[in-house]
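> My questions concern the predicted model and sequence given below.
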Amino acid sequence: MRWPRVLMLSSVLALGACSTAPSGPSVMVLPGSGKPLEQFQLDDAACRQWATQQMGTGGDSWMIQHRYDIAYQQCMYSRGNLIPGVAPSSGAPLPPPRPPAPPGR
């Protein structure tokens, strides 16, 4: 009776150890209209750093990559770059984000 628990626990721990931090974005972002390649590269470097700081901890590798990609795309879009399939910004300011929900809800 004890071996199934040990086996299950070791499987869960082994799978958790497989989670890895993203080495970069897995989504496409294009330079904004008229943006020089050098500026796009600076944006890319800054947004990779931003995404790394925003991805949080916990979850499987797919979820960590997903959070990284979302933060990366948001950063790049805010700097005037293009996300395929998303209309360019009208330039109108966005409303401030809602405060996070209190813990426990």
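Done, it's in.
> CA only for contacts and neighbour counts going forward, please
Will do.
> where are the low-confidence patches of this protein?
1-19, 89-95, 105 (pLDDT under 70).
> Walking through it, point out its helices one by one.
In the chain, the helices defined using DSSP state H lie at 2-17, 37-54, 61-78.
> Verify the contact between Gly80 and Gly32 for me.
Yes. Counting by CA atoms under 8 Å, Gly80 touches Gly32, with 5.5 Å between them.
> so who does Gln73 touch?
Val27, Val29, Ile83 (CA atoms under 8 Å, 6 or more residues apart in numbering).
> Not counting its neighbours along the chain, what's nearest Gly24?
Arg48 (6.9 Å; CA to CA, 6 or more residues apart in numbering).
> count of neighbours near the one you found?
22 (other CA atoms under 10 Å).
> same question, Asn81
22.
> Now do the contacts for it.
Residues in contact with Asn81, defined by CA under 8 Å, 6+ apart, are Val29, Leu30, Pro31, Gly32, Ser33, Phe40.
> rewinding a little: mark which of the contacts of Gln73 are buried, thanks.
By neighbour count, with 16 or more other CA atoms under 10 Å, those hold Val29, Ile83 as buried.
> can I get the contacts of Gln73 in TSV with distance to His66?
Below are the contacts of Gln73 laid out as TSV (distance: CA to CA, whole Å):
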residue	distance to His66
Val27	10
Val29	15
Ile83	15
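> Out of the contacts of Gln73, flag the one nearest to Gly58.
Relative to Gly58, the closest of the contacts of Gln73 is Val27; by CA to CA it sits at 21.2 Å.
> My read is that that closest one contacts Asp69, right?
Yes. Counting by CA under 8 Å, Val27 does reach Asp69; the two are 6.5 Å apart.
> Point to the residue nearest the middle of the chain.
Tyr68 (1.5 Å; CA atoms, centre = their mean).
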